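In: Structure for the following, please:
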Amino acid sequence: MRPKKLTEAHKTDLFAEVVCSNSFGSMELKNPRGLLKEEASSLGSILLQVALRNKVPAGKALAIDRERFSKEVTSLIFSSRYINVIRKEVDKIPDGITVIATGPLTSASFLKALGKALETENLYFYDAISPIITAESLDMSRLFFGGRYGKGSDYLNAPLTKEEYGIFYNALVNAEQHLPHNFERGHFFDACLPVEEIAKRGKDSLRFGPLRPVGFDKKYFAVVQLRKENIEGSLYELVGFQTSLRYGEQERVLRLIPGFRNAEFVRFGSIHKNAYIKSSALLKGTLQLKKNPLVLIAGQLSGVEGYVESIATGLLSGINATRIALKKDPISMPRNTLLGSLIHFIVDNPLETPQPMRANFGLIPEEFLKINKSVRREKFIEESKRQIESLKEVL
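Out: Next up is the predicted model:
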């Protein structure tokens, strides 16, 4: 529907616009995000190929130049002779084979239509995005490059003394917030808490969270990290600084960080409402609706959380939509894969009000959880690779 109608967070008419962090998480296989990338890449994920072509230095993580990434995805879509782009807001579920991947910022009118069709109320939580600032506005004499535990030198770091941290902390917890109409504080998602909400849990909570001063050669009281936002390195995003502060307050408070006195903001942080469905009541393991198998739901709307999780479920829904069109049986991901474990969790979650779920090794089958922790991940990674290779033979 963009650009005719924008969401609370999208600003462009580009496809795959990345509105939150520009990090897709770790590339290491022993990390759940890394293994999930490997599984999706092995099954032919085009979005991950584009992400790799537009990556920016971020240690062992895959971070992207969000503008270049979205532009390439948009170009691929418009250049495909198999895709017809129609830019308008959809207010009902189309007839026939349909993949619904409208994301957490699905328009209110379509959410209403979806809820009516599914005979259920949609769930939601509040998410926030971090500010982005220009590199040239930072005082580099107060900052240093380096990653925690020697993992590269791609992050920019702003160390704080105990006194500097105290001044920053007091300003942060007393700053004025800009909260949505009918805001409900209990609907924050723990993995995406605004930095001021973390701070309000205790004076040292930030020092055990996004400002943890560990993994560096020297001892610091607290450290703010910044990650490159583009390939040129002219823009930086504050890591873990999702915020709902008013724009003027963001300038005032964040400029208290050493090296930030003259910080120039090209994007302020903000808060928005993310919607998702109760997949355990509505979806099969193939991501098809139980009541209408011609309709598949993928991405964060299905109840997964994260870019790679959304990409991977989108890939599976696309595979199954194609198989349905070809009169073939849709597939469920093998349980002994991380994607299979993630989908198993969201469609079999017994909770009345489930929370969105990221990929993690706590989701894997019990048979692996019984294996000694020192070799558990290695065994599961090996099994995941075998399962993916077997699956590729039938696709």
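In: can you list the domain ranges for the chain.
Out: 23-122+277-394, 129-273 (automatic domain parsing).
In: for those domains, which one sits closest to residue 9?
Out: Of all the domains of the chain, it is domain 129-273 that lies closest to residue 9, at 5.0 Å by Cβ to Cβ. Yep, even glycine has a C-beta here, placed from its N, CA and C like the rest.
In: That closest one: end-to-end distance?
Out: 11 Å (Cα to Cα, to the nearest Å).
In: same thing with stretch 10-23?
Out: Across stretch 10-23, first to last residue, Cα to Cα, it's 17 Å.
In: With stretch 129-145 instead?
Out: So stretch 129-145: terminal residues 23 Å apart, Cα to Cα.
In: Any chance you could list what contacts it?
Out: 9, 19-21, 153-159, 226, 229, 233-243, 250, 254, 258-270, 272 (Cβ atoms under 8 Å, 6 or more residues apart in numbering).
In: Among these, the buried ones, what's the ChimeraX command?
Out: With 16 or more other Cβ atoms under 10 Å as the criterion, this ChimeraX line picks the buried residues out of the contacts of stretch 129-145:
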select :9,19,20,21,154,155,156,157,158,159,226,229,235,236,237,238,239,240,241,242,243,250,254,258,259,260,263,265,268,269,270,272
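In: Turn the domains of the chain into a markdown table, columns for distance to residue 3 and mean pLDDT.
Out: Below are those laid out as a markdown table (distance: least, Cβ to Cβ, whole Å; pLDDT from 0 to 100):
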| stretch | distance to residue 3 | mean pLDDT |
| --- | --- | --- |
| domain 23-122+277-394 | 8 | 94 |
| domain 129-273 | 18 | 91 |
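In: and those domains as CSV, adding distance to residue 5?
Out: Output for the domains of the chain, formatted as CSV (distance: least, Cβ to Cβ, whole Å):
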stretch, distance to residue 5
domain 23-122+277-394, 5
domain 129-273, 15
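In: Quick one: closest of these to residue 4.
Out: With Cβ to Cβ as the yardstick, what comes closest out of those is domain 23-122+277-394 (6.0 Å).
In: The stretch 51-200 of the chain: helices as residue ranges?
Out: Shown for the stretch 51-200 of the chain, the helices assigned by DSSP state H, counting those that start in this stretch span residues 66-79, 108-118, 162-173, 195-199.
In: Any figure for the gap between residue 63 and residue 281?
Out: Counting by Cβ to Cβ, to the nearest Å, the gap from residue 63 to residue 281 is 36 Å.
In: deepest of the helices of the stretch 51-200 of the chain, which one?
Out: Most buried of the helices of the stretch 51-200 of the chain by mean neighbour count (mean count of other Cβ atoms under 10 Å) is helix 195-199; its value is a mean of 22.
In: which residues touch it?
Out: For helix 195-199, contacts defined as Cβ under 8 Å, 6+ apart pick out 169, 172-173, 175, 177, 188, 205-206, 209-210, 240-245.
In: Check those residues and tell me the two furthest apart.
Out: Farthest pair in the contacts of helix 195-199, by Cβ to Cβ: 169 and 188, 19.5 Å.
In: I'd like to know which of the contacts of stretch 129-145 are part of helices.
Out: 250, 254 (DSSP state H).
In: Just the ones of the contacts of stretch 129-145 in strands?
Out: Per DSSP state E, strands hold the following members of these: 156-159, 226, 235-238, 265-267, 270, 272.
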